[in-house]
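*Asks:* the sequence isn't on hand, but the structure is:
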């Protein structure tokens, strides 16, 4: 049955949820949840600890932290500042603190000309880039006592460059020798309620384009030679998911009707994956491959990209005392 679980999502949290909904226990995978009632932020940590768990989840061994905040799609500056601070704290868990000249390469993945895919480039636009200044004048030129070297690249997509993104990054890593890569990319979700309201952090690297079926070569420690931290926000959901959710609601409506009760019994016998596969066949070929995004995606992506860039700026471009006060270090 497990191999039939092909519902498309980039979120490890949703992968874990779909097994739990069918009472399938995945060995080697743990889940921990925390909820901040005051700020309405739910944090779920999924740890894939064994190769068996990785095979079943179809994701690499590692840690996946998911921040869910329903109000993230709302233009509230104070709330987004809180999200930035929380995000900076979680990112700090993956950053070494024992090296004075720690160098970070931020990679903004995606296509700037396609709004739902422009998250990565927009984040880079708002970053405080420091590597060139520190290299030229020393860290005290920044007016801070603890400055990390931050450089950034927006490599574009293969249709624009003719090159695999990982090929570009490997060349940059070889020349500039950063200690770590932080890659930012737009993701696909299983649930429309998580669109633009969720941020996933993982230490396993990333497969650019995987959410919409464009499987490019992975950007991981194995392929580029240094640790890769990935930050992603789901901005699209595929058509089959929307139809599937609608069908679930229809079944519930049929069962609550006195005259139509029993019509949905056959469908209730299908598990989640089988229903999804049936929907994909029903909407094929016209809607297969169709991805949907909210109508206010332009403003939303710009706002969330700024929230992420502010978290990175807090983490890398401010003094030691400030970060201690904020709880980042």
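*Replies:* It's in. Being a predicted model, the structure only gives us computed values, none of them experimental.

*Asks:* quick one, what contacts residue 312?
*Replies:* 88, 91, 106, 123, 127, 150, 182 (CB atoms under 8 Å, 6 or more residues apart in numbering). Bear in mind the C-beta positions are built from the backbone N, C-alpha and C, glycine included.

*Asks:* could you do residue 303 as well?
*Replies:* By CB under 8 Å, 6+ apart, the neighbours of residue 303 are 75, 80.

*Asks:* let me see the mean pLDDT of the strand or helix carrying it.
*Replies:* Residue 303 is part of helix 297-316 when elements are defined by DSSP states H and E. Averaged across helix 297-316, pLDDT comes to 91.

*Asks:* and for stretch 179-192?
*Replies:* Summarised as a single mean, pLDDT over stretch 179-192 is 88.

*Asks:* all numbers from here: first residue = 9
*Replies:* That works, and once the first residue is 9, the last one we named lands at stretch 187-200.

*Asks:* hang on, the earlier thing: show me how far the helix holding residue 311 is from its chain's centre.
*Replies:* 13 Å (CA atoms, centre = their mean, to the nearest Å).

*Asks:* show residues contacting stretch 38-51.
*Replies:* Under the criterion CB under 8 Å, 6+ apart, residues 21, 24, 52-55, 57, 73-79, 87, 90-91, 94, 98 lie in contact with stretch 38-51.

*Asks:* buried sites along stretch 234-247?
*Replies:* 235-247 (16 or more other CB atoms under 10 Å).

*Asks:* likewise stretch 185-201?
*Replies:* Quick answer for stretch 185-201 (16+ other CB under 10 Å): 186-200.

*Asks:* now for the residues you listed: which two are most distant?
*Replies:* 187 and 200 (37.9 Å; CB to CB).

*Asks:* ends of stretch 228-246, what's the gap?
*Replies:* End-to-end distance for stretch 228-246: 26 Å, by CA to CA, to the nearest Å.

*Asks:* can you map out the helices along the stretch 109-258 of the chain?
*Replies:* In the stretch 109-258 of the chain, the helices defined using DSSP state H, counting those that start in this stretch lie at 127-133, 139-145, 166-169, 173-184, 229-232, 247-264.

*Asks:* and among the ones you listed, the most buried is which?
*Replies:* Among these, helix 127-133 has the highest mean neighbour count (mean count of other CB atoms under 10 Å), at a mean of 24.

*Asks:* who touches it?
*Replies:* Taking CB under 8 Å, 6+ apart as the rule, helix 127-133 contacts 114-120, 160-162, 191-194, 241, 243, 309-310, 312-314, 316-317, 320.

*Asks:* so how far is it off the chain centroid?
*Replies:* Centroid separation for helix 127-133 versus its chain: 14 Å, with CA atoms, centre = their mean.

*Asks:* just to revisit the earlier point, only the buried members of the contacts of stretch 38-51: can you turn that into a PyMOL selection?
*Replies:* Entered in PyMOL, the line below selects the buried ones among the contacts of stretch 38-51, by 16+ other CB under 10 Å:
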select buried, resi 21+24+52+53+54+55+73+74+75+76+77+87+90+91+94+98
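
*Asks:* now, the contacts of stretch 38-51 that are in helices?
*Replies:* 21, 24, 87, 90, 91, 94, 98 (DSSP state H).

*Asks:* which one among the buried residues of stretch 185-201 gets closest to residue 64?
*Replies:* Comparing these against residue 64 with CB to CB picks out residue 198 as the nearest, at 16.3 Å.

*Asks:* for the buried residues of stretch 185-201, which one is nearest residue 147?
*Replies:* Taking CB to CB as the measure, residue 187 is the one of the buried residues of stretch 185-201 closest to residue 147, at 15.2 Å.

*Asks:* longest strand of this protein, counting residues only.
*Replies:* Counting by DSSP state E, the longest strand found in the chain is strand 236-246.

*Asks:* ok, it: who's next to it in the sheet?
*Replies:* Strand 236-246 has its sheet partners listed here by DSSP bridges as strand 188-196 (parallel), strand 206-210 (antiparallel), strand 299-300 (antiparallel).

*Asks:* could I get the average pLDDT for that strand?
*Replies:* Across strand 236-246, the average pLDDT comes to 90.

*Asks:* tell me what angle that strand forms with helix 173-184.
*Replies:* 160 degrees (axes from the mean of the first three to the mean of the last three CA atoms, to 10 degrees).

*Asks:* relative to the whole chain's centre, how far out is strand 236-246?
*Replies:* 3 Å.

*Asks:* show me where pLDDT drops low in the stretch 59-208 of the chain?
*Replies:* Low-confidence segments of the stretch 59-208 of the chain, defined by pLDDT under 70: 105-106, 148-154.

*Asks:* for stretch 36-53, measure first residue to last.
*Replies:* 14 Å.

*Asks:* how far does it sit from the chain's center?
*Replies:* Counting by CA atoms, centre = their mean, stretch 36-53 is centred 16 Å from the centre of its parent chain.

*Asks:* now swap in stretch 169-180 and tell me
*Replies:* Distance of stretch 169-180 from its chain centroid, counting by CA atoms, centre = their mean, is 21 Å.

*Asks:* which residues are in contact with it?
*Replies:* Contacts with stretch 169-180, where a contact means CB under 8 Å, 6+ apart, come from 113, 115, 117, 161, 163-166, 186, 189, 216, 224-227, 231-233.

*Asks:* alright, calling it a day.
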